[in-house]
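*Asks:* predicted model and sequence follow; I will ask about them next.
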Number of protein chains: 2
Amino acid sequence: MRPEEGDGSSVAPGFHTMWSELRPVGRHPGTGGYRRFAWSGADAECRAWFAEQARRRGLVHEVDRNGNQWAWLGNPAAGDAVVTGSHLDSVPDGGAFDGPLGVVSAFAALDELRARGVRFAKPLGIVNFGDEEGARFGLACVGSRLSAGRLTAEEAHRLTDADGVTLPRAMEAAGYDPDAIGADPERLGRIGAFVELHVEQGRALDLTGDRVGVASAIWPHGRWRFDFRGEANHAGTTRLADRRDPMLPYAETVLAARRNARLAGAVATFGKISVEPNGVNAVPSLVRGWLDSRAADRAALDTVVTGIEQAAHEYAEAHGIRLDVVRESFTPVVEFDHALRDEIARILGGAATGLRVPVLGTGAGHDAGILSGTVPTAMLFVRNPTGVSHSPAEYAAEDDCVAGVTALADVLEGLACR
Amino acid sequence: MRPEEGDGSSVAPGFHTMWSELRPVGRHPGTGGYRRFAWSGADAECRAWFAEQARRRGLVHEVDRNGNQWAWLGNPAAGDAVVTGSHLDSVPDGGAFDGPLGVVSAFAALDELRARGVRFAKPLGIVNFGDEEGARFGLACVGSRLSAGRLTAEEAHRLTDADGVTLPRAMEAAGYDPDAIGADPERLGRIGAFVELHVEQGRALDLTGDRVGVASAIWPHGRWRFDFRGEANHAGTTRLADRRDPMLPYAETVLAARRNARLAGAVATFGKISVEPNGVNAVPSLVRGWLDSRAADRAALDTVVTGIEQAAHEYAEAHGIRLDVVRESFTPVVEFDHALRDEIARILGGAATGLRVPVLGTGAGHDAGILSGTVPTAMLFVRNPTGVSHSPAEYAAEDDCVAGVTALADVLEGLACR
């Protein structure tokens, strides 16, 4: 469904209303992409929208110490709540679906269950995790990491955006209390099962011809910073032989990353770079490139990254460049809860939809991956016909989005109403 | 001479006083490099310093319509003035000498001539050209280009810095009138000969073992922008086969530029890059790289740049990337005035210094190159033992700086006093 669309609904009209309300928020008029960064004005609009959805449905709305938003139906104190949701923030010039599809589908699935007239045996929660993409402060899933105790308040307080604004100052400016952040076992303890619905970010479902899939695992992945340090110099007057130009080993390393990833069936990307002094007529003194790499298992990932690092050190030495490689983050493989996954497969396999629901791995990190160490967690994926995500061209067909809502409603009914 | 030094003078004490006054202006405490950008606070401090030097020496100080500063000894109305000087602005984190050495040496040479007790037969001018490096608005030699009619006021009004501030707004904020800018034939018409002294930006004098050289020509040079456009995508989930990643052909093009330049005995540099969205977990949609290339003659430069462009188009096509190459600027070869050069060689060859003064070409653009189309122009270079420039490590030995002042004084005496 393109964000512009929304007529001819086969689900509750609220589904399309929600999309039309979210559509303009944080959308850049030039690129058509979304810029919903943590604690920005667009983020505040998304949060206000979430609170309003909760209010319209008579849910109890609350914001936890880390800025995550929750909407509750029933009292979750007993620790057996069924929770669904995702995030509303975006990467720079991201698409409409990554995040919002899970939140919109959560409210739409509740509407669907109410239309079915089901009776809830357990409390239901809908969540919007803050700062999932990490677009502003460089660390993904800050909201869920803090709550799960996977990021300390001290570490979070040191996060700084490109303009030098720290996370605490950004929270404060948005009206939140940065001194309150930290682990939140009491609130996560309310959750009996967490199910996150997300647009697929590859083409696995498209290749098998299925609308909806269930996640098996999140690939291990990490980020490494490569600092190539040479010597700034005049680009017009310095003989090639006298140069120590860090752009050259950087370029060679970019190509080595692709080769190593291809050989291992993994992925490796240099998508972010920072150059000093970054002048047209200056040989750079510093080229800093960030490597993102992921593979199906730890051994494959180690092989890829070690290969890239070794090649980079050889290139750097050949050009008289000093190279430092820093691992900025690493997330081991996440195996989602097997019992919950099997139950979801059973629910969907027996549902009236008659859907075939393949089980697939993914290279993307999610709040569900963070929470999976603390509570039983599962993910549903909705087909992405181009595989494109983190781009204004990110896209899912309306029929597939509707199938996602129905599947999520079935799962919630199966988990919370029986 | 390092900017920290300045004792044990063998020239007038004013030379060292001038260096100590300039030393802290616009110097970044972290990098030790200079950030004296056009119309900034540091630029204003440099300008105030220049005006004060003129005042101390009883020279008539004036600022022309384009913000260039002049200090006059005698009335230049007859059109036969001998003018020397350079610029005081810097590249980002530039060195202490590129620019300031020519201005400081100009005042020091005047002091030296007064100490010698010479009588001036022609008026003498000292100039500080504005915005030579083009660090802020991306175009070099804005002050001299405007005055020489090589840049129109309309073109200059469209120049914009990285923060979106236009040149007119920046001038206004610094207290200057942007509506006044434009060609200034009357003021340039005062000049009978212009001599710019500059630290060498390569190692030619170091390799021949000479302190001072005379410029023969400035190599033709140009800047080209390479826009590689692919498709933004998720770096964790998009199969390598489904990617259109512009970083890959960019990397191949960086390496092709070095190969082509080496084969042609030219220089080619990718020192500036801009990436969108520039996220660690995003395949880029756009990689924009700027090529700076220079060669001894036009044919060699054409060969190099054509070779790089052809290679880049092949790489782009292989990766499914759209490539647009835009020539952003081009400056043909500048042959300095032969008669003036010969006269300077005669003066220095016959001087008491007994210096051997080699004649050398340079890959760097200068205000002298801009003016050479309008008035007889020459350049003196002072030895740079490392060849490093546009860097905090830029350096010239004190003895060589002193030899430069003496040579400049000899030249001014030869041109203005006989």
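*Replies:* Received, thanks.
*Asks:* around chain B, which positions in the stretch 101-250 of chain A sit nearby?
*Replies:* Listed as neighbours of chain B in the stretch 101-250 of chain A under the rule Cβ under 8 Å from any Cβ of the partner chain: A:135, A:138, A:140, A:200-203, A:219, A:221, A:223, A:231-240, A:242, A:245, A:247-248, A:250. Just so you know, the C-beta spots here come from the backbone N, C-alpha and C atoms, and that holds for glycine as well.
*Asks:* just the ones in helices from the residues you listed, please.
*Replies:* A:247-248, A:250 (DSSP state H).
*Asks:* the lowest-mean-pLDDT helix or strand in chain A: how far from the chain's middle?
*Replies:* Ranking every helix and strand in chain A by mean pLDDT, DSSP states H and E puts strand A:359-362 at the bottom, with a mean of 83. On the basis of Cα atoms, centre = their mean, to the nearest Å, strand A:359-362 sits 15 Å off its chain's mean C-alpha point.
*Asks:* the next helix or strand after it near chain B at all?
*Replies:* Sequence-wise, the next helix or strand downstream of strand A:359-362 (DSSP states H and E) is helix A:367-371. No - Helix A:367-371 lies out of reach of chain B by Cβ under 8 Å from any Cβ, never closer than 11.2 Å.
*Asks:* show me what the lengthiest helix in chain A is in contact with.
*Replies:* Taking DSSP H as the assignment, the helix of chain A that covers the most residues is helix A:298-318. Contact with helix A:298-318 is made by A:219-222, A:224, A:226, A:228, A:246, A:248-249, A:252-253, A:256-257, A:260-261, A:264-266, A:268, A:291, A:293-295, A:321-323, A:325, A:332-333, as judged by Cβ atoms under 8 Å, 6 or more residues apart in numbering or on different chains.
*Asks:* how about the CA coordinates for it, as PDB?
*Replies:* C-alpha atoms of helix A:298-318 as PDB (Å, rounded to 0.1, in the frame of the first residue of the first chain):
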ATOM      1  CA  ARG A 298      28.600 -16.100  14.100                       C
ATOM      2  CA  ALA A 299      31.300 -18.100  12.300                       C
ATOM      3  CA  ALA A 300      30.400 -16.800   8.900                       C
ATOM      4  CA  LEU A 301      30.300 -13.200  10.200                       C
ATOM      5  CA  ASP A 302      33.700 -13.600  11.900                       C
ATOM      6  CA  THR A 303      35.100 -14.900   8.600                       C
ATOM      7  CA  VAL A 304      33.800 -11.900   6.600                       C
ATOM      8  CA  VAL A 305      34.800  -9.200   9.000                       C
ATOM      9  CA  THR A 306      38.300 -10.700   9.700                       C
ATOM     10  CA  GLY A 307      38.800 -10.900   5.900                       C
ATOM     11  CA  ILE A 308      37.800  -7.200   5.500                       C
ATOM     12  CA  GLU A 309      40.000  -6.100   8.400                       C
ATOM     13  CA  GLN A 310      43.100  -7.900   7.200                       C
ATOM     14  CA  ALA A 311      42.700  -6.600   3.600                       C
ATOM     15  CA  ALA A 312      42.200  -3.000   5.000                       C
ATOM     16  CA  HIS A 313      45.300  -3.200   7.100                       C
ATOM     17  CA  GLU A 314      47.300  -4.400   4.100                       C
ATOM     18  CA  TYR A 315      46.000  -1.500   1.900                       C
ATOM     19  CA  ALA A 316      46.600   1.000   4.600                       C
ATOM     20  CA  GLU A 317      50.200  -0.100   5.100                       C
ATOM     21  CA  ALA A 318      50.800   0.100   1.400                       C
END
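*Asks:* quick one: strands adjacent to the following helix or strand past it?
*Replies:* Next helix or strand after helix A:298-318 toward the C-terminus (DSSP H and E): strand A:322-331. Taking DSSP bridges as the criterion, strand A:322-331 pairs within the sheet with strand A:221-229 (antiparallel).
*Asks:* just the CA trace of the partner strand, in CSV.
*Replies:* C-alpha atoms of strand A:221-229 as CSV (Å, rounded to 0.1, in the frame of the first residue of the first chain):
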residue,chain,number,x,y,z
HIS,A,221,25.3,-8.3,13.2
GLY,A,222,27.7,-5.6,14.0
ARG,A,223,29.1,-2.2,13.2
TRP,A,224,32.8,-1.4,12.8
ARG,A,225,34.4,2.0,12.4
PHE,A,226,37.4,2.1,10.2
ASP,A,227,39.6,5.2,10.8
PHE,A,228,42.1,5.7,8.0
ARG,A,229,44.5,8.5,9.0
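*Asks:* and that strand, how far from the chain's centre?
*Replies:* Centre-to-centre, strand A:221-229 and its host chain are 20 Å apart (Cα atoms, centre = their mean).
*Asks:* contacting residues around it?
*Replies:* The contact list for strand A:221-229, computed with Cβ under 8 Å, 6+ apart, reads A:246-247, A:249-250, A:253, A:285-294, A:301, A:305, A:309, A:312, A:316, A:321-331, A:363, A:365, B:236, B:280-281.
*Asks:* repeat the analysis, applying 7 Å as the threshold.
*Replies:* For strand A:221-229, the external contacting residues (Cβ atoms under 7 Å, 6 or more residues apart in numbering or on different chains) are A:246, A:249-250, A:253, A:285-294, A:305, A:312, A:316, A:321-331, A:363, A:365, B:236, B:280.
*Asks:* only the buried residues of that strand, if you could.
*Replies:* Going by neighbour count (16 or more other Cβ atoms under 10 Å in any protein chain shown), the buried part of strand A:221-229 is A:221-229.
*Asks:* would you list the residues you listed in TSV and tack on pLDDT?
*Replies:* Output for the buried residues of strand A:221-229, formatted as TSV (pLDDT from 0 to 100):
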residue	pLDDT
A:His221	91
A:Gly222	93
A:Arg223	94
A:Trp224	97
A:Arg225	97
A:Phe226	98
A:Asp227	98
A:Phe228	98
A:Arg229	98
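*Asks:* now render those residues as CSV, adding distance to B:Gly32.
*Replies:* Converted to CSV, the buried residues of strand A:221-229 look like this (distance: Cβ to Cβ, whole Å):
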residue, distance to B:Gly32
A:His221, 38
A:Gly222, 34
A:Arg223, 31
A:Trp224, 29
A:Arg225, 24
A:Phe226, 25
A:Asp227, 19
A:Phe228, 20
A:Arg229, 15
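*Asks:* now the two most distant members of those residues.
*Replies:* Pairwise distances across the buried residues of strand A:221-229 peak at 26.4 Å for A:His221 and A:Arg229 (criterion: Cβ to Cβ).
*Asks:* which stretches of chain A have low pLDDT?
*Replies:* Chain A contains residues with pLDDT under 70 at A:1-12, A:350-355, A:418.
*Asks:* which parts of it are helices?
*Replies:* With DSSP H as the criterion, chain A has helices spanning A:13-22, A:41-56, A:100-116, A:142-147, A:153-157, A:167-173, A:185-188, A:204-208, A:247-264, A:298-318, A:338-349, A:367-371, A:398-416.
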